[in-house]
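Participant: prediction below, plus the sequence it came from.
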Amino acid sequence: MAYYTYTHSALHLRIPSSLSLSNPNIHLPSTRISFQPLRFKGLNAKPNNRFICKAVKSSMAASSQVEIFEKEELAVSLAKYTADLSNKFTHQRGAFTVCLSGGSLINYLRKLLEPPHVDSIEWAKWHVFWVDERVVPKDHQDSNYKLAFDGFLSKVPIPPGNVYAINDTLSAEGAADDYETRVKHLVNSNVIASSSTSGFPKFDLMLLGMGPDGHVASLFPGHPLVQENKKWVASITDSPKPPPERITFTFPVINSSAYIALFVTGTGKADAVHSALRGSGTADKLPAALVSPEGELKWFLDKGAASKL
Ligand SMILES: O=C1O[C@H](COP(=O)(O)O)[C@@H](O)[C@H](O)[C@H]1O
């Protein structure tokens, strides 16, 4: 497939040429990264130039990157990204701590179940957490654990003791407290790293989805939990998206991560993607716009999700 590569200062965007040709007025995202909007059309573009984006320094994320993919390539690229980080962290620290979201993300992890990744990944060193979870039994159809187990975890040899599901016998508040306590033990035993900057746990990789309203994890637009800055794990009993009872990592934890992949597909999310990447002002920022890790943030978009950029 042909790509055009657009370069401005430290930000590079790789766009399938079909997309850029059919929509020549796309602008670079400018909000959270210190850039003014630029027209792709006016930039020097070369087909088939592989894209690399590095070191977009700002007061927020150390590095941000946006990539737009054809549908099938999305799963391929997400798998390679995850496998590369697994390799890096298992070698560096003997463990790889990954936080999963629910929703559409899980299906896009399917390429990790195929060669070469399925054979090369050191699954025994994976430690799996949930960015957010619905407070329902683990075999309930709304359970993010069940979704991940059925579609992914049951097919790879991660030790069951390294899969940290919530205690589904507790109330939402109890489950959040319990999850936070378990994460604290794992930080104390160095399974999970700790951020020397924030003091919050520093997960190696968070795989975040985003809802059409711009929510990430179970942090919804306008909800007071978005502002939570002390708890590691919080409960919510009035989630606007059912089911109402959930637990979620808070923003200080999310934003202490080493790597975050923000994975968004479909035209139904295009407005929220546009607002998160191009919106201005701080008061009405969508939760997705507040994702800004200490480490690197990469947006994985399909053409539909990117269609309003
Ligand atoms: O309720 C949730 O929704 C979001 C987004 O899900 P998607 O199906 O629109 O991708 C998900 O990231 C979150 O983990 C989940 O609890």
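Facilitator: That came through fine.
Participant: do the host helix or strand of V253 and the ligand meet?
Facilitator: Taking DSSP states H and E as the criterion, V253 maps to helix 251-254. No - judged by CB under 6 Å from any ligand atom, helix 251-254 stays clear of the ligand, getting no closer than 11.6 Å. Any C-beta I mention is one placed from the backbone N, CA and C, and that applies to glycine too.
Participant: just use 41 as the starting number from now, easier for me
Facilitator: In the new numbering, first residue 41, that becomes helix 291-294.
Participant: tell me the residues of this protein that contact the ligand?
Facilitator: Near the ligand, when you scan the chain using CB under 6 Å from any ligand atom, you find 141-145, 171-172, 184, 249, 251, 258, 281.
Participant: recalculate using a threshold of 8 Å.
Facilitator: Within the chain, the positions near the ligand by CB under 8 Å from any ligand atom are 140-145, 170-174, 184, 248-252, 255-258, 279, 281, 286, 303-305, 309.
Participant: are any of those buried, and which?
Facilitator: With neighbours counted by 16 or more other CB atoms under 10 Å, those contain buried members at 140-145, 170-174, 184, 248-251, 255-258, 279, 286, 303-305, 309.
Participant: quick one on the thing from earlier: I would like the residues contacting the helix holding V293, please.
Facilitator: The set of residues external to helix 291-294 that reach it, using CB atoms under 8 Å, 6 or more residues apart in numbering, is 171, 238, 240-241, 243, 246, 248, 256-257, 259, 266, 268-270, 272-273, 300, 330-331, 333.
Participant: for it, list the C-alpha coordinates in PDB.
Facilitator: The C-alpha coordinates for helix 291-294 follow below in PDB (Å, rounded to 0.1, in the frame of the first residue of the first chain):
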ATOM      1  CA  PHE A 291      -6.100   9.600  35.200                       C
ATOM      2  CA  PRO A 292      -3.000   9.800  37.400                       C
ATOM      3  CA  VAL A 293      -2.400   6.100  36.900                       C
ATOM      4  CA  ILE A 294      -3.300   6.100  33.200                       C
END
